[in-house]
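Peer 1: quick one, fold the following:
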Amino acid sequence: MKNIYRLKKIDPGTFTLEDWNEYYDFRLKCDALKNVPSVFKTMEGLKEFNVRNIEENGEERYQVWKNEVVNGIFLFNIEFKDNQEKRFTYLRNYMIDKYLDIDLLKVVFKKFIDFDQQSNSLAIHSIDGMNDYVEDLFNISMGSVSELYELNIKEANIEKIDTWLAESPAKFPNLRIDFYIEIPDDLLEEYAAFFTQMIEDLPAKAELGDNKITAASIKLDQETEKLGDCGSYRYLIFNELNQLIAMTNVSVNFNHPKEMDQYMTGVRKDYRGRGLSKWLKAAMFKKLVADFPDLEKIKTDTQPENHPSRELSKQMGYKRKGIEKDFLISRSQIVQFLKEK
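Peer 2: Below you'll find the predicted structure:
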């Protein structure tokens, strides 16, 4: 059976108050179908969040109905904007159906062609093989790959976590660990530079997007997150010269604190192999369970080549849950595909 998809572009330039209210109701229905609480408490918050991402980040967002049934949203954003050789568009899929069937793929391709004339290709995400068929369909290779891990709070190795946390201060007397929800202005430049370096240090095929993180982009992300009652918990470690040498981050949806995503746990090269990641992850775990009694799961990802990270996660009680991939499909392949279809 052929599926029929209907799209509506979220356009701050033409949207009326009625459009925004309809979009807010649409998002509420999506959240209900996913059985999660809404991130946005008001239409005004949703509007401001979308306007900021569209106008300041250059995104393009669409509501999607599948056979006239609410199916969520997808959006396009551009990576490597200042590098014409690497420039591509990333498809962010927030639809209820994560599978991109051929009918939906054609719809997405048509919108991509018109979205950014300078993008060389389109990146498509796949979890546990869901959209891996595009690899054979277009004879392409993976752009990136990572393994997914999940920690059930009830199955965490509390004894080991407590041991790491208790031993670390004595083991690292000249280092300090600080907690942040929002990175202060005087730390933004150093934090952004360190984050960028950690991405660059990842193994090959571990990161598809633009590696450059800036103080301005971090500040904008923090301001935008607050519109949806979201944020990040962060633990940073500094040396005796007050230099940032290690970090870990967790995305927090304060309206839905049952599941969280831990990302970018990294240590400066000359401090690796000493156990700083254990200190970071133990401190973060204890902070999360103390602040969010209803927390059930912490998710994270790592690259297949990153054996130390994978082993540390396993010691804490994390279990491998799957694999995710990104595929890059060139503009010429997409144009040819649309001609043939």
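
Peer 1: mind checking how far the helix or strand hosting residue 124 is from the chain centre?
Peer 2: In this assignment (DSSP states H and E), residue 124 forms part of strand 121-127. Centroid separation between strand 121-127 and its chain, computed with C-alpha atoms, centre = their mean, to the nearest Å, is 14 Å.

Peer 1: which ones are touching the closest residue to residue 296 other than its chain neighbours?
Peer 2: In space, and not counting its chain neighbours, residue 296 is closest to residue 258: 4.7 Å by C-beta to C-beta, 6 or more residues apart in numbering. (Each C-beta comes from the backbone N, C-alpha and C, glycine too.) Neighbouring residues of residue 258 by C-beta atoms under 8 Å, 6 or more residues apart in numbering: 294-297.

Peer 1: what's the spacing between residue 258 and residue 221?
Peer 2: 23 Å (C-beta to C-beta, to the nearest Å).

Peer 1: so which residues of the stretch 1-150 of the chain form helices?
Peer 2: Per DSSP state H, counting those that start in this stretch, the stretch 1-150 of the chain carries helices over the ranges 17-34, 43-57, 102-115, 133-138.

Peer 1: could I get these as TSV with distance to residue 163, mean neighbour count and mean pLDDT?
Peer 2: Formatted as TSV, these follow (distance: least, C-beta to C-beta, whole Å; neighbours: other C-beta atoms under 10 Å; pLDDT from 0 to 100):
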stretch	distance to residue 163	mean neighbour count	mean pLDDT
helix 17-34	38	15	96
helix 43-57	42	17	93
helix 102-115	49	17	96
helix 133-138	43	15	93
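
Peer 1: what are the contacting residues of stretch 96-114?
Peer 2: Contacts for stretch 96-114 (C-beta under 8 Å, 6+ apart): 2-5, 7, 30, 33-34, 60, 62, 66, 70-72, 74, 76, 89, 91, 93, 119, 122, 124, 127, 130-131, 134, 331, 334-335, 337-338, 341.

Peer 1: about what we covered before: out of the contacts of residue 258, which is most surrounded?
Peer 2: Neighbour counts for those peak at residue 295, which has 17 neighbours (criterion: other C-beta atoms under 10 Å).

Peer 1: distance of it from residue 314?
Peer 2: Residue 295 is 20 Å from residue 314, by C-beta to C-beta.

Peer 1: what's the answer for residue 60, then?
Peer 2: Taking C-beta to C-beta, one finds residue 60 at 40 Å from residue 314.

Peer 1: ok, now residue 73?
Peer 2: 35 Å.

Peer 1: and residue 82, how many neighbours does it have?
Peer 2: 8.

Peer 1: can you check residue 231 too?
Peer 2: 18.

Peer 1: now do the one 4 residues further on
Peer 2: Residues contacting residue 235 under the criterion other C-beta under 10 Å number 21.

Peer 1: do the same with residue 152
Peer 2: Residues lying near residue 152 (other C-beta under 10 Å) number 12.

Peer 1: which residues are in contact with it?
Peer 2: 296-297, 317, 319.
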